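Colleague: Structure here, sequence nowhere to be found:
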């Protein structure tokens, strides 16, 4: 039995999102979308990844066929009313991890489902608690794991998550970049 009656297209180059979809039993093809990840400065918290997920969907370069559903998503880290996107360099990654050290923050993922007939979007929020990080741990992590493709400069599924996340409130998979439980529900209703 197929759990999804649609032809799913993941509009992302993220290996984590592709793996999460496959692990959830979804077959999909992957088409990276080239969309600049800028957003209006007035947007806050979940508004940012929702805006970016829509922006990615509108930049999909091919017409969608009748049974196609395009999945686009974006994840941001939100701490002290500030967004932490992907770091540009080692210094920015270090600064982000210093901000997160010993504190809690929110991870928001916005998802947009687009077909030839309609578009639905939703988001999920997870609160993440970090232990206090030493400068040595931060430098080790950045040099060994190169977290430059990750919001907030860390991956929940790699060394930083394994050693430094002390507690989560919400979906772990949302922190990885895709709230699979909500995606499943929305695809069933789509």
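Modeller: Sure, I can see it. Predicted, not measured: the structure shown is a model, and the values here were computed from it.
Colleague: and residue 127, what does it touch?
Modeller: The contact partners of residue 127, by CB atoms under 8 Å, 6 or more residues apart in numbering, come to 104-107, 168-170. Yep, even glycine has a C-beta here, placed from its N, CA and C like the rest.
Colleague: Give me the buried entries from the residues you listed.
Modeller: The neighbour-count test (16 or more other CB atoms under 10 Å) marks 105-107, 168 as buried among these.
Colleague: Among those, which ones are in strands?
Modeller: In this view, the buried ones among the contacts of residue 127 that belong to strands under DSSP state E are 105-107, 168.
Colleague: The helix or strand harbouring residue 110 packs against which elements?
Modeller: Using DSSP states H and E, residue 110 falls within strand 104-114. Where contact means 3 or more CB pairs under 8 Å, 6 or more residues apart in numbering; DSSP states H and E, strand 104-114 is packed against helix 47-58, strand 68-79, strand 119-130, helix 172-176, helix 180-189.
Colleague: Parallel or antiparallel, list what pairs with the third one.
Modeller: What that stands for is strand 119-130. Within its sheet, strand 119-130 is paired with strand 104-114 (antiparallel), strand 165-169 (antiparallel), according to DSSP bridges.
Colleague: Just to be sure, residue 141 is in a helix?
Modeller: Yes. Assessed by DSSP: H, G, I helix; E, B strand; the rest coil, residue 141 belongs to a helix.
Colleague: what's the closest non-adjacent residue to it?
Modeller: residue 160 (5.4 Å; CB to CB, 6 or more residues apart in numbering).
Colleague: Adding pLDDT and distance to residue 187, write the contacts of residue 127 out as a markdown table.
Modeller: As requested, the contacts of residue 127 are arranged in a markdown table below (pLDDT from 0 to 100; distance: CB to CB, whole Å):
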| residue | pLDDT | distance to residue 187 |
| --- | --- | --- |
| 104 | 98 | 31 |
| 105 | 98 | 28 |
| 106 | 98 | 25 |
| 107 | 98 | 22 |
| 168 | 97 | 24 |
| 169 | 98 | 25 |
| 170 | 98 | 20 |
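Colleague: any idea which of those residues is closest to residue 79?
Modeller: residue 105 (3.8 Å; CB to CB).
Colleague: show me the contacts for that closest one.
Modeller: Residue 105 touches 77-79, 84, 127-128, 130, 152, counting by CB under 8 Å, 6+ apart.
Colleague: can you tell me the helix or strand for residue 95?
Modeller: helix 90-100.
Colleague: helices or strands up against that helix?
Modeller: Using 3+ CB pairs under 8 Å, 6+ apart, helix 90-100 sits against strand 68-79, strand 82-84, helix 135-145.
Colleague: again, 7 Å this time
Modeller: Using 3 or more CB pairs under 7 Å, 6 or more residues apart in numbering; DSSP states H and E, the elements in contact with helix 90-100 are helix 135-145.
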